[in-house]
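Undergrad: I'd like to go over a predicted model; first the sequence, then the structure.
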Amino acid sequence: MSFITAVALSLLLVLLLVSLRIYTILPDRSSTLPKTSILQSDRIVELTPPSTSHALIILGSGGHTAEMFSLLSSISPDILTHRTYVFSTGDIHSAKSARAFENSLVGRFTKKGNERVGYRLLEIPRARRVRQSWVSTPWSCLMCLVGCLDVLRGVDLKGMTEEMKGCWVGRGVPDVVICNGPATAVMMVLACYIYKFFGRCSTRIIYVESFARVTTMSLSGKLLLPFAHRFLVQWPQLAEKYPSAEHLGFLVS
Amino acid sequence: MASGDWGNGKSVFVTVGTTAFDALVKALLVPAVIIQLNRFGYTEINVQYGKGKDVYEAAFTPEFKKLAAELGTIISGFEYEESDKITELIREADLIISHAGSGTILDALRYQRAIIVVPNESLMDNHQAELANEMSKQKYVIRGKLDQFTNDIAVAQTFKFRHFPRSGSKRFVEVLEDEIEEAEKDKMYG
């Protein structure tokens, strides 16, 4: 009897090993798909991530700023080596939050050189105050746009310490702009597109609609929908309404 | 019924955001609600009343003060604090009763606190009500009603609050890193 059991068990074991082997040699479809598409493309694509990158982060008022730092909470400062924060005149809260966030990154550097890069924290004129009259809005928006263009030009670089300047010169234009709603974001994206028009930048724009927006899009969102390279919404209801928006689930945590 | 034990009772944090939400403060600081809170062991109530100081102070009639003293309930209030201080108060409280601000809701979910959310209907932009409704539909929060606080508080005692996913930022960072690579490609090949 024990002999039969032993035979049955060993047969079972063989069967298990055979199926395991078959399972491992089966092609993984999810990973082969993008691979073949790269091979088929006419360019050879460099897949190693760049060693430095520059993100421009636009801070709005209270809720927007809090959400932004929630989105960014797990970035690696070794991948996102250059960080520029832009806040509106008088928004001390956002400036403080940016400093607090940068302090929280201090322990996360693995390359000492990246710590020396530091970060830029820049103030630009407000695009539109809450309840500002629509008559004076064009003027304040223009002033804001000029401020945004100054950021891209790197006007502030002159005031940097020599050490920091060495890391930042020639890096005024960001690789990515990250924004989530304030009117300032619209102006900054416009400034980027002015640069793009003259072939001066290849900046990619990531827009994240606020977690508070379940079924209705914010005005900034509606305006930026055609301009963002990635347009992320956090509720499926919004993605259904705007098919060009991407829904990957909640991005805040 | 009154526990009377200083520091042993549970605490409630009420927050209305940067504007005023007088209807919420008014509906909360009434005998029926503090008796109900006391029944479930809440003996500390901290109210962030925003621009509604008058309404907050008007709630303290002699009878109301007497009742609070009998119950051993300590009620305190303040106008506004820095957001990290508010976050700290949310973390320390056992129950949050809040307007539908996304910041407060996310803070409460992060620290897995019981939260009753009441949208401020007087605000023009009413997407906050949508958020409160959707979050309660998905069992992350309790959608409170101004005239049913005693009931909402009872519900909060046994409600199974769903945990909010923690993976949000990681997902965002993946998108960000993909885009950094794309930008690099664009730079190299124009």
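TA: Good, I have the coordinates.

Undergrad: residues contacting the strand or helix carrying B:Ile34, please?
TA: Element membership of B:Ile34 [criterion: DSSP states H and E] is helix B:31-39. Contacts made with helix B:31-39 from outside it, assessed by CB atoms under 8 Å, 6 or more residues apart in numbering or on different chains, are listed as B:1-3, B:12, B:27, B:43, B:45, B:63-64, B:67-68, B:71-73, B:75, B:149-150, B:153-154. To be clear about C-beta, it is placed using only N, CA and C from the backbone, and glycine gets the same treatment.

Undergrad: just the buried residues of these.
TA: B:12, B:27, B:43, B:45, B:64, B:67-68, B:71-73, B:75, B:149, B:153 (16 or more other CB atoms under 10 Å in any protein chain shown).

Undergrad: does the one helix or strand B:Lys187 maps to come close to chain A?
TA: Using DSSP H and E, B:Lys187 sits within helix B:168-189. Yes - residues of helix B:168-189 contacting chain A under CB under 8 Å from any CB of the partner chain: B:168-173, B:175-177, B:179-189.

Undergrad: which of those residues count as buried?
TA: For these, a burial check counting by 16+ other CB under 10 Å picks out B:168-169, B:171-173, B:175-177, B:179-184.

Undergrad: which stretches of chain A form strands?
TA: Using DSSP state E, the strands assigned to chain A run over residues A:54-58, A:82-88, A:119-124, A:176-179, A:204-208, A:230-233, A:246-247.

Undergrad: which residues sit against the fourth one?
TA: By CB under 8 Å, 6+ apart, the residues outside strand A:176-179 that reach it are A:53-58, A:68, A:71-72, A:185, A:188-189, A:192, A:203-208, A:220, A:224, B:176, B:179-180, B:183.

Undergrad: any quick ChimeraX command for the buried ones out of those residues?
TA: Selecting only the buried entries of those in ChimeraX, with 16+ other CB under 10 Å as the criterion:
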select /A:53,54,55,56,57,58,68,71,72,185,188,189,192,203,204,205,206,207,208,220,224 /B:176,179,180,183
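
Undergrad: returning to what we had before: could the strands of chain A go into a markdown table alongside mean pLDDT?
TA: Conversion of the strands of chain A to a markdown table gives the following (pLDDT from 0 to 100):
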| stretch | mean pLDDT |
| --- | --- |
| strand A:54-58 | 94 |
| strand A:82-88 | 93 |
| strand A:119-124 | 92 |
| strand A:176-179 | 95 |
| strand A:204-208 | 94 |
| strand A:230-233 | 94 |
| strand A:246-247 | 92 |
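
Undergrad: what's the closest of those to B:Val118?
TA: Comparison of those against B:Val118 by CB to CB identifies strand A:230-233 as nearest, at 25.4 Å.

Undergrad: could you list the paired strands of that closest one along with their orientation?
TA: strand A:204-208 (parallel), strand A:246-247 (parallel) (DSSP bridges).

Undergrad: quick one: name the residues of the stretch 51-200 of chain A near chain B.
TA: By CB under 8 Å from any CB, the residues of the stretch 51-200 of chain A that approach chain B are A:53, A:55, A:62-63, A:66-67, A:70-76, A:79-80, A:93, A:97, A:100, A:175-176, A:178.
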